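Visitor: Attaching a predicted model along with its sequence, questions to come.
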Amino acid sequence: MPIQVLMPALSPTMEKGNLAKWLKKEGETIKSGDVIAEIETDKATMEVEATDEGTLGKILIPEGTADVAVNTPIATILADGETAADLAKAPAAPAPSVAQEVAESRSPVGEGKPMISAPKAAPTPQVPAGTEMVTQTIREALRDAMAEEMRRDADVFVMGEEVAEYQGAYKVTQGLLQEFGARRVIDTPITEHGFAGIGVGAAMTGLKPIVEFMTFNFAMQAIDQIINSAAKTLYMSGGQMGCSIVFRGPNGAAARVAAQHSQDYSSWYSNVPGLKVVAPFSAADYKGLLKAAIRDPNPVIFLENEVLYGHTGEVPKLDDFVIPIGKARIVRSGSHVTIISWSNGMTYALKAADELAKDGIEAEVIDLRTLRPMDTETIVNSVKKTGRAVTVEEGWAQSGVGAEIAARIMENAFDYLDAPVARVSGKDVPMPYAANLEKLALPSAAEVVEAAKAVCYR
């Protein structure tokens, strides 16, 4: 049966693109991996690779067509032995997009998807019982957090690439320019070292900048400003010069953006005294923790996840909802094994907990939320109860956050362990571009299940 080629998603936030050029003609032989077309967005030009072999039977969308929606059939490939007469047999229903195929255990790609297995938050001091909840995407929760703090404090401002006129590369700053004006929502040149330094200087004079990086991979250009200036100056000045600044943006893997746009910097920043490092998972935590980060007198690294921006969750409808930095949350109670994660790693942890429950293993799942300072007490108390622990992260294992968690468990709960701490992480390789290899390079829920069963001797 003829196979349809669909317009791929180049990122979790892409909805449409332009079909710039066909590199193969109708009737030409196609091999798996052949580049058959080029597509463009306002950000990049990317290649469309064939995933099947055969003959390019019919081009459905001519080159030069603009605003082609993701998942639209753009061509049909005929298998060996098929002819043009078979084109009518091509299936009408679209197959999953490239972005959706990245990893079946990762969060589903697309707007308005609910968080994976996200449990309802139990009442806390920050969320009293009976509080009305509203459903928001994570990008909306982030936007509201910034807007509320900008209304509350005139010293707060936002700066970064495309945060103003374009409304943010991921639409997180949507509407802020219209409300607060160009003096407080500032588009910068593509020079991370420069605008991060301006932000640090502004913070040292008493302002409260929110510096957005289009990805934390690009923050490598600004690492001197973040570490040597923002993180160390309070200590080096004997407490005389503070730096109340938030560096925020997407961190880690997205979908087919390759090694230079996919690195997880959680362990890098959490290694540095003078920084606070936040990496939330739920929409409510994104909002409450960003508000706390903006108010904090110290520099805060706020690690977001591009895959999660369009996902929805319940957010408390409160006049001033703030979550304290440095407090983990037990999102699922259990007695057999403790699974510890943060950010998009919680996707694997929660899916694995569901699968383990089917086999009679009740996992306690901890969302760290903050990596520095780390809530060691919550981790240790859980391990003392379960006797077993598994850490889950998309970053690399060596010198990773999971290694730090394992060390703290050994130091504080060694006598309670019934098995060695297990780590599930990204593979020790730069992130591949190909979707099938990217999937293999990332953790999976199945790997978490396997690790949990291993420490439970099942």
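Guide: Noted; the coordinates are in hand.
Visitor: can we go C-alpha only for contacts and neighbour counts from here?
Guide: Noted.
Visitor: What is the host helix or strand of Glu450 packed up against?
Guide: According to DSSP states H and E, Glu450 maps onto helix 445-455. When contacts are defined as 3 or more Cα pairs under 8 Å, 6 or more residues apart in numbering; DSSP states H and E, helix 445-455 packs onto strand 337-341, helix 345-358, strand 389-396, strand 422-426.
Visitor: so where do the strands sit in the stretch 251-400 of the chain?
Guide: Using DSSP state E, counting those that start in this stretch, the strands of the stretch 251-400 of the chain run over 276-278, 300-304, 312-316, 329-332, 337-341, 363-367, 370-372, 389-396.
Visitor: of the ones you listed, which approaches Ile186 most closely?
Guide: Smallest distance to Ile186 across the strands of the stretch 251-400 of the chain (Cα to Cα): 19.0 Å, for strand 300-304.
Visitor: Just the C-alpha atoms of that closest one, please, in CSV.
Guide: Provided in CSV are the C-alpha atoms of strand 300-304 (Å, rounded to 0.1, in the frame of the first residue of the first chain):
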residue,chain,number,x,y,z
VAL,A,300,18.4,31.9,39.9
ILE,A,301,18.8,29.6,36.9
PHE,A,302,15.3,28.6,35.9
LEU,A,303,15.4,25.6,33.6
GLU,A,304,12.4,25.0,31.5
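Visitor: which residues touch it?
Guide: For strand 300-304, contacts defined as Cα atoms under 8 Å, 6 or more residues apart in numbering pick out 216, 244-251, 266, 269, 275-280, 290, 293, 343.
Visitor: circling back: dump the strands of the stretch 251-400 of the chain to JSON lines, plus distance to Pro128, mean neighbour count and mean pLDDT.
Guide: Below are the strands of the stretch 251-400 of the chain laid out as JSON lines (distance: least, Cα to Cα, whole Å; neighbours: other Cα atoms under 10 Å; pLDDT from 0 to 100):
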{"stretch": "strand 276-278", "distance to Pro128": "23", "mean neighbour count": "27", "mean pLDDT": "98"}
{"stretch": "strand 300-304", "distance to Pro128": "26", "mean neighbour count": "27", "mean pLDDT": "98"}
{"stretch": "strand 312-316", "distance to Pro128": "9", "mean neighbour count": "24", "mean pLDDT": "94"}
{"stretch": "strand 329-332", "distance to Pro128": "16", "mean neighbour count": "18", "mean pLDDT": "96"}
{"stretch": "strand 337-341", "distance to Pro128": "25", "mean neighbour count": "29", "mean pLDDT": "98"}
{"stretch": "strand 363-367", "distance to Pro128": "20", "mean neighbour count": "25", "mean pLDDT": "98"}
{"stretch": "strand 370-372", "distance to Pro128": "22", "mean neighbour count": "26", "mean pLDDT": "98"}
{"stretch": "strand 389-396", "distance to Pro128": "30", "mean neighbour count": "27", "mean pLDDT": "98"}
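Visitor: Turn the ones you listed into JSON lines, including distance to Gly199.
Guide: Formatted as JSON lines, those follow (distance: least, Cα to Cα, whole Å):
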{"stretch": "strand 276-278", "distance to Gly199": "17"}
{"stretch": "strand 300-304", "distance to Gly199": "13"}
{"stretch": "strand 312-316", "distance to Gly199": "30"}
{"stretch": "strand 329-332", "distance to Gly199": "31"}
{"stretch": "strand 337-341", "distance to Gly199": "31"}
{"stretch": "strand 363-367", "distance to Gly199": "30"}
{"stretch": "strand 370-372", "distance to Gly199": "22"}
{"stretch": "strand 389-396", "distance to Gly199": "28"}
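Visitor: ok, residues contacting stretch 151-166?
Guide: Counting contacts by Cα under 8 Å, 6+ apart, the residues outside stretch 151-166 that touch it are 149-150, 168-169, 173-174, 176-177, 182, 184-190, 195, 199, 206-214, 294.
Visitor: And those, which of them are buried?
Guide: Buried residues within the contacts of stretch 151-166, counting neighbours by 16 or more other Cα atoms under 10 Å: 149-150, 168-169, 173-174, 176-177, 182, 184-188, 195, 199, 206-214, 294.
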